[in-house]
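# no sequence for this one, just the structure:
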């Protein structure tokens, strides 16, 4: 079999390593295959003793000379991307970062510069795409092994230029940055599988080089394999991992026989265990492990109220799962999200409801300064530290790649503007951060002798183009980034589209053109609309409080109670309301029972016009 290896960056500075690296990879693959009794013949037309110079190696896709021909970029945007990549390394290894007093390995800094140059320099990307096309067309590999940056430039080529380039080839990527949120936006915030025999992606959570899981990619011809080897970013660590042999080299050795059996097994499983068209996950948390977080009284009751309302709308009892209090930890919620959104097809209906506390916490840059704010859904085990609770940079992994025709509704009965538990008024569903965390968001105004909120830079100053009317622009900006422009809000997938409108639309148009040529997109094409965005009901406006309501002796969220009662009242009148109309009816209900909070709704116009839970 003809193998092609696509290396990571850095070999033009260390050319001697190529003479060790190419045979090391092929030898590791052969040894791993032999351990499980697999014969994997690897075509070597020049013989084992031949060590050609890199560009002439028939098994190597070499591109370091292309990078070397482009000077390193400069300027604020380039430095910003370098900083963001390094910050992503720090945020995923916070303990290690603090333990080394903020030292980041020099090699990692260099690699951040190379990846940032790819992001900034369109001419470099174009030249790399051309090299990839020329080499693959000339060498016609049957198997491509792409490591790190090599996987990134190959995926970029397939999406933007030649979707059909490797349609008869096996693809293995490993330790690649394709799934990093900062780079996913370069693909329009939504990633698809590619046209090939089968794509195996090897992911190591311990790999430090800006690697991220790509479990969000959908496709019958795509498999991600988690390889927890102890060799970090090493290609041989991925290739020689025990499960890699069984789940990658064996299928490749079996060829078309494995492809047929894999397709047959998948179809049988789908028929034997079909995924329901409807599912709902309803989370209610009244009690919290941290004594600093006030107890609530109506969150668990909300889940029963919503379950009853959904069953009145046609849901079956077995299609609804509830998650309460001590069981609603961060890990518990993430595990149930797998159940809620697994194998979701076009037209499927899903509901995610959260009743509990919300929070808004600062996120820091490399200098330890607040960079922006994250909205947080407060889980039972929340402790105000990084990595606790549910933020959108975790949540979007489940929803951003859903089929556009799927329907996911989020009902968030919480708030993120800070709160208190006072005997003189209703319970507030938001927490106040501890003083040391709150202080990082404040500055002292000497003239006024008062504390005020520190101003934070906008996350995406070019989110909306200047042609929009200023009022409309401010309203839409607040829905996605908060009124200050510096918040990551739940359910918006804003990190996946932190680009100007012009750049974002340009990327999506380019992807549409390529998909139309190659019919590579799942389902045979279709417009690229960016990341999937759910329809979201929010209990109140950004700076308002979400309160609890006591109905006789029973507590509920004021918003949840009003939403369900408005739905029931409208149903009694005959025709179901639209999603947008229901939000207005719930607002009026809240006002009638004496609450000042104003619910809001966010979704595509077509979603808002659809009638509640209608087909």
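Received the coordinates, thanks. Keep in mind that this is a model prediction, so the values were computed, not measured.
# Distance-wise, check residue 515 relative to residue 527.
9 Å (CB to CB, to the nearest Å). C-beta: built from backbone N, CA, C; applies to glycine.
# Looking at the two, which is more packed in?
Applying other CB atoms under 10 Å to residue 515 and residue 527 shows that residue 515 carries more neighbours, namely 21 against 13.
# what helices or strands is the helix or strand harbouring the more buried one leaning on?
Assigned by DSSP states H and E, residue 515 falls within helix 501-518. The elements that helix 501-518 packs onto, with contact taken as 3 or more CB pairs under 8 Å, 6 or more residues apart in numbering; DSSP states H and E, are helix 149-160.
# okay, the angle between the helix it packs on and helix 501-518?
Here helix 149-160 points in a direction 80 degrees away from that of helix 501-518 (axes from the mean of the first three to the mean of the last three CA atoms, to 10 degrees).
# Pull the contacting residues for the most centrally placed residue in the chain.
Nearest residue to the geometric centre of the chain (CA atoms, centre = their mean): residue 397, 3.3 Å. Going by CB atoms under 8 Å, 6 or more residues apart in numbering, residue 397 touches 213, 215, 216.
# can I assume the second one is in contact with residue 225?
Pointing back at residue 215 there. No - taking CB atoms under 8 Å as the definition, residue 215 is not a contact partner of residue 225, at 10.5 Å.
# Need the phi and psi values for residue 547.
Here is the backbone geometry of residue 547 (degrees, to the nearest 10): phi -110, psi 170.
# for residue 355, same thing?
The phi/psi pair for residue 355 (degrees, to the nearest 10) is phi -120, psi 120.
# Roughly how far does residue 483 sit from residue 541?
Relative to residue 541, and taking CB to CB, residue 483 is found at 9 Å.
# now do residue 302
Relative to residue 541, residue 302 is positioned 20 Å away (CB to CB).
# Give the residue from those two that has the larger number of neighbours.
residue 302 (29 against 15).
# which residues does the more buried one contact?
Taking CB under 8 Å, 6+ apart, we find residue 302 in contact with 282, 284, 353, 355, 413, 556, 557, 560, 561.
# in which helix or strand would I find it?
Using DSSP H and E, the element containing residue 302 is helix 299-312.
# Next, the buried residues of that helix.
299, 300, 301, 302, 303, 305, 306, 307, 309, 310 (16 or more other CB atoms under 10 Å).
# Dump the residues you listed into a markdown table; add pLDDT and distance to residue 534 as well.
Output for the buried residues of helix 299-312, formatted as a markdown table (pLDDT from 0 to 100; distance: CB to CB, whole Å):
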| residue | pLDDT | distance to residue 534 |
| --- | --- | --- |
| 299 | 97 | 21 |
| 300 | 98 | 23 |
| 301 | 98 | 24 |
| 302 | 98 | 19 |
| 303 | 98 | 19 |
| 305 | 98 | 21 |
| 306 | 98 | 16 |
| 307 | 98 | 19 |
| 309 | 96 | 19 |
| 310 | 97 | 16 |
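# quick one: which of those is nearest residue 139?
residue 310 (55.9 Å; CB to CB).
# Give the residue spans of this protein that score low on pLDDT.
The chain contains residues with pLDDT under 70 at 11-19, 43-58, 91-103, 417-426, 464-473, 518-526, 573, 614-615.
# And the strands in the stretch 1-150 of the chain, which stretches?
Here the stretch 1-150 of the chain has its strands, by DSSP state E, counting those that start in this stretch, at 3-6, 60-61, 143-147.
# Adjacent strands (with direction) for the longest one?
This points to strand 143-147. strand 3-6 (parallel), strand 170-174 (parallel) (DSSP bridges).
# what sits up against it?
In contact with strand 143-147 (CB under 8 Å, 6+ apart) are residues 1-8, 25, 29, 61, 136, 154, 166, 169-176, 235, 238-239, 252.
# change it to 6 Å
For strand 143-147, the external contacting residues (CB atoms under 6 Å, 6 or more residues apart in numbering) are 1, 3-6, 8, 154, 169-175, 235.
# Which of the residues you listed has the largest number of neighbours?
In the contacts of strand 143-147, the most neighbours by other CB under 10 Å go to residue 174, 29 neighbours.
# Report the contact partners of that residue.
Per CB under 6 Å, 6+ apart, neighbours of residue 174: 147, 202, 238.
# again, but for residue 154
With CB under 6 Å, 6+ apart, residue 154 has these contacts: 6, 132, 146.
# Quick check: nearest residue in space to the second one, chain neighbours excluded?
Beyond its immediate neighbours in the sequence, the residue positioned closest to residue 132 (CB to CB, 6 or more residues apart in numbering) is residue 157, lying 4.3 Å away.
# how many neighbours does that neighbour have?
Applying other CB under 10 Å, we find 23 residues neighbouring residue 157.
# What separation do you get for it and residue 455?
According to CB to CB, residue 157 stands 42 Å off from residue 455.
# Where neighbours are concerned, which of the contacts of residue 174 has the most?
Highest neighbour count within those, by other CB under 10 Å: residue 202, with 28 neighbours.
# did I read that right, that residue in a helix?
No - with DSSP: H, G, I helix; E, B strand; the rest coil as the criterion, residue 202 is strand rather than part of a helix.
# Identify the spatial nearest neighbour of it, chain neighbours not counted.
Distances taken as CB to CB, 6+ apart place residue 174 nearest to residue 202, at 3.9 Å, with adjacent residues excluded.
# give me the beta-bridge partners of that neighbour?
Counting by DSSP bridges, the residues bridging with residue 174 are residue 147, residue 202.
# Burial check on residue 270, number of neighbours?
Around residue 270 there are 12 residues (other CB under 10 Å).
# Also the one 3 residues further on?
Burial measure for residue 273: 8 neighbouring residues, criterion other CB under 10 Å.
# Please determine how far it is located from residue 319.
14 Å.
# cool, residue 264 as well?
28 Å.
# These two: which has the busier surroundings?
Per other CB under 10 Å, whichever of residue 264 and residue 319 has more neighbours is residue 319, with 17 against 10.
# any idea how far that one is from residue 21?
Using CB to CB, residue 319 is found at 52 Å from residue 21.
# for the stretch 451-600 of the chain, what spans make up the strands?
Using DSSP E, counting those that start in this stretch, the strands of the stretch 451-600 of the chain run over residues 487-488, 535-538, 548-551, 554-557, 600-602.
# let me redo that: the stretch 151-300 of the chain
Assigned by DSSP E, counting those that start in this stretch, the strands in the stretch 151-300 of the chain fall at 170-174, 198-203, 222-226, 278-284.
# can you redo those as TSV with distance to residue 339?
Compiled in TSV, these are given as follows (distance: least, CB to CB, whole Å):
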stretch	distance to residue 339
strand 170-174	28
strand 198-203	22
strand 222-226	18
strand 278-284	7
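# Would you check how far apart residue 176 and residue 150 are?
According to CB to CB, residue 176 and residue 150 sit 8 Å apart.
# returning to that earlier point: just the strands of the stretch 451-600 of the chain: most buried one?
Burial of those is given as mean neighbour count (mean count of other CB atoms under 10 Å); strand 487-488 ranks first at a mean of 24.
# what does that strand rub up against?
373, 374, 392, 481, 494.
# rerun at 10 Å
Residues outside strand 487-488 that contact it (CB atoms under 10 Å, 6 or more residues apart in numbering): 360, 363, 372-376, 391-393, 396, 416, 456, 458-459, 478, 480-482, 494-495, 498, 542.
# That strand - which strands sit beside it in the sheet, and in what orientation?
Every partner of strand 487-488, by DSSP bridges, with its direction: strand 370-377 (parallel).
# Does the next helix or strand after the strand it pairs with pack against any helices or strands, and if so which?
Per DSSP H and E, strand 370-377 leads on to strand 390-391 as the next helix or strand towards the C-terminus. When contacts are defined as 3 or more CB pairs under 10 Å, 6 or more residues apart in numbering; DSSP states H and E, strand 390-391 packs onto helix 330-341, strand 358-364, strand 370-377.
# I figured residue 551 was touching residue 301, is that so?
Yes - between residue 551 and residue 301 there is a contact at 8.9 Å, judged by CB atoms under 10 Å.
# No further queries at this time; thank you.
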